[in-house]
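>>> my questions concern the predicted model and sequence given below.
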Amino acid sequence: MRGTLTHKATIEHYQETGETVGDGAGGTISVKDWVSVADGVPCRYEPAGQGYVREDQGGRVYESPRVYFPPRAVGEMVDVSADDDPADYEYELDVDAGDDYRLTLEAVDGVFTLSDPDVHYSGPQRPSHVVIEVERIDPGGS
């Protein structure tokens with residue numbers, strides 16, 4: 001996948017920052033803001049209609065844009081057991097679908113929301129790449 005990385009992406013998550021502010025009634029509320037999850041990571045961007053999905057007896061054009069990431073750019077292998085057995089590791093994404101995640105590309109105008117992250121594997125416990133469908137939510141930029 002290394003030779004096909006054509007863009008740089010930044011993915012942000014809308015989350016609590018750890019700070020609080022007064023709520024005007026004597027209490028406090030948590031401050032939320034966009035926090036970078038992946039900053040300037042290499043990826044490949046395919047606009048809608050640029051690739052094909054294989055179905056039963058044919059194919060159809062992608063209905064939404066897709067972004068392809070190397071697995072280390074948007075996730076990591078984590079130990080899910082108490083011992084050090086390598087078979088007890090699994091891939092965990094750092095991103096998820098939803099309105100509280102957004103993606104921007106350096107060379108493409110607009111802001112995108114993430115939908116349907118899909119991890120592809122080249123073998124057991126060996127992620128090869130992550131495909132994330134995106135939807136443009138702000139055509140002019142952030």
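Arrived safely. Numbering: from 1, shown residues only.
>>> which residue lies nearest the spatial centre of this structure?
Val95 (4.7 Å; CA atoms, centre = their mean).
>>> could you confirm it falls within a strand?
No. Assessed with DSSP: H, G, I helix; E, B strand; the rest coil, Val95 is coil; it does not lie in a strand.
>>> what's the local residue count around the residue lying closest to Asp33 once chain neighbours are set aside?
Residue nearest to Asp33 in three dimensions, not counting chain neighbours: Thr17, with 5.1 Å by CB to CB, 6 or more residues apart in numbering. All C-beta spots, glycine's among them, are computed from the backbone N, C-alpha and C. Counted with other CB atoms under 10 Å, the neighbours of Thr17 add up to 11.
>>> about what we covered before: distance of the residue nearest to the centre of the chain from Pro127?
Distance, Val95 to Pro127, by CB to CB, to the nearest Å: 14 Å.
>>> now do the contacts for the residue nearest to the centre of the chain.
Contact analysis of Val95 by CB atoms under 8 Å, 6 or more residues apart in numbering lists 11, 13, 37-38, 74-75, 101, 114, 117, 132.
>>> please repeat the previous calculation with a cut-off of 10 Å.
By CB atoms under 10 Å, 6 or more residues apart in numbering, the contact list for Val95 reads 11-13, 37-38, 69, 73-75, 101, 103, 114, 117, 130, 132.
>>> next one: Gly40
With CB under 10 Å, 6+ apart, Gly40 has these contacts: 8-10, 73, 106.
>>> where along this structure do the helices fall?
Using DSSP state H, the helices of the chain run over residues 71-74.
>>> can you pull the buried residues of stretch 68-83?
68-71, 73-75 (16 or more other CB atoms under 10 Å).
>>> would CSV of these with distance to Asp33 and pLDDT be doable?
Formatted as CSV, the buried residues of stretch 68-83 follow (distance: CB to CB, whole Å; pLDDT from 0 to 100):
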residue, distance to Asp33, pLDDT
Tyr68, 28, 95
Phe69, 24, 96
Pro70, 27, 95
Pro71, 27, 94
Ala73, 22, 94
Val74, 20, 94
Gly75, 23, 93
